[in-house]
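Engineer: Need the 3D shape of this:
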Amino acid sequence: MIRSIVATALVTAAVTVSVPLTVAVGAWTATAVPVVSASAGTGADSLGRLFRAAGSAARAASSAAPASVGVGEGSMTIAVTIPERSAPACPADVSGSTNTAPSMTAGDGAIAGTSSADLAQFAASFNAIRVANCLEPVPTDHFVYDSCMEQRLIWMAEDPSTDPASAWGHEGSVRSDGLASVGCDGNLAGGSDNTSETVAQKWWDSPAHRASLFRPDIPFGVDDVCVRFAMTHGGVPNEPYSFTRAAARWTSC
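Structural biologist: Have a look, this model is predicted:
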């Protein structure tokens, strides 16, 4: 889209118009930002009205990139065209290898820990969500397996209760057998048929977790950001592999 100002007046001196525009002819001076349109009659007195009209219209218009035009003596038409300022493009997604995770086991083999595939899928899902919301993606090698958060997830998964919600929660949650909590806390998500992709979406869909983990208040400048992640599959006494628990944190590298 193009915005323009077109006005006509009779002058007896050379005139230069710039945007944001300052126009001076004899005793007349006017300063304005880009305008949609302004007009006046001819003659020296009308030139003042022209500039005042231009200034009035300018105050109703938005700013844009500078442009200019010069005209000579005689009956003149001032015309300034300004390209519409376009919105900044959203950042593109990034590619690259992620870090590895050890795929450890616990609970006599009933619990599988974070795998490299879990970490890679979480990194891809996390960045896809950020980019879809015009947020800069975190470098893929800044997604890090966190053994301390995994230790707490295993502590939950090893709860002997048949209730999968037993021991679930942040620091202060209690296991049915009274075993003291271990490991580190983080943003939590999980449940039946969950993957590192679905937990990423769950965290985004929760306003509190979105603010904590995705940090939409930091849309750019994430080169020093690391995202720590852990996940377990299954649990005792009878949880299947598809029942997962996950934790993640946004930190500095």
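
Engineer: Name the helix or strand for the residue nearest to T251 when sequence neighbours are not counted, please.
Structural biologist: Closest residue in space to T251, ignoring its immediate chain neighbours: C226 at 5.2 Å, by Cβ to Cβ, 6 or more residues apart in numbering. Quick note: C-beta positions are derived from backbone N, CA and C, even for glycine. Using DSSP states H and E, C226 sits in strand 225-235.

Engineer: Check which element follows that strand along the chain.
Structural biologist: Moving toward the C-terminus from strand 225-235, the next element (DSSP H and E) is strand 239-252.

Engineer: Now that following strand: buried residues?
Structural biologist: 239, 243-250 (16 or more other Cβ atoms under 10 Å).

Engineer: try stretch 92-107
Structural biologist: 98-99, 101, 106-107.

Engineer: can you check stretch 135-145 too?
Structural biologist: 135-140, 142-145.

Engineer: Please tabulate those in CSV, including the columns distance to T195 and pLDDT.
Structural biologist: Putting these into CSV (distance: Cβ to Cβ, whole Å; pLDDT from 0 to 100) gives the following:
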residue, distance to T195, pLDDT
L135, 22, 97
E136, 24, 97
P137, 20, 98
V138, 19, 98
P139, 22, 97
T140, 18, 97
H142, 21, 98
F143, 15, 98
V144, 19, 98
Y145, 16, 98
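
Engineer: all strands for the stretch 101-250 of the chain, in order.
Structural biologist: Counting by DSSP state E, counting those that start in this stretch, the stretch 101-250 of the chain has strands at residues 105-106, 111-112, 143-145, 187-192, 225-235, 239-252.

Engineer: in the stretch 101-250 of the chain, which ranges drop under the pLDDT threshold?
Structural biologist: Along the stretch 101-250 of the chain, no part satisfies pLDDT under 70.

Engineer: returning to what we had before: between the buried residues of strand 239-252, which is closest to R210?
Structural biologist: W250 (10.8 Å; Cβ to Cβ).

Engineer: Quick check: the closest one vs I154, distance?
Structural biologist: The gap separating W250 from I154 is 22 Å, by Cβ to Cβ, to the nearest Å.

Engineer: next one: E171
Structural biologist: E171 is 15 Å from I154, by Cβ to Cβ.

Engineer: So these two - more neighbours on which side?
Structural biologist: I154 (21 against 9; other Cβ atoms under 10 Å).

Engineer: In contact with the closest residue to that one other than its chain neighbours, which residues?
Structural biologist: Nearest residue to I154, sequence neighbours excluded (Cβ to Cβ, 6+ apart): A106, at 4.7 Å. Shown in contact with A106 (Cβ atoms under 8 Å, 6 or more residues apart in numbering): 113, 154, 157-158, 232.

Engineer: can you check G186 too?
Structural biologist: Counting by Cβ under 8 Å, 6+ apart, G186 has contacts 146, 149, 228, 230, 247-249.

Engineer: Dump those residues to JSON lines, plus distance to A124.
Structural biologist: Formatted as JSON lines, these follow (distance: Cβ to Cβ, whole Å):
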{"residue": "D146", "distance to A124": "18"}
{"residue": "M149", "distance to A124": "20"}
{"residue": "R228", "distance to A124": "16"}
{"residue": "A230", "distance to A124": "17"}
{"residue": "A247", "distance to A124": "18"}
{"residue": "A248", "distance to A124": "14"}
{"residue": "R249", "distance to A124": "18"}
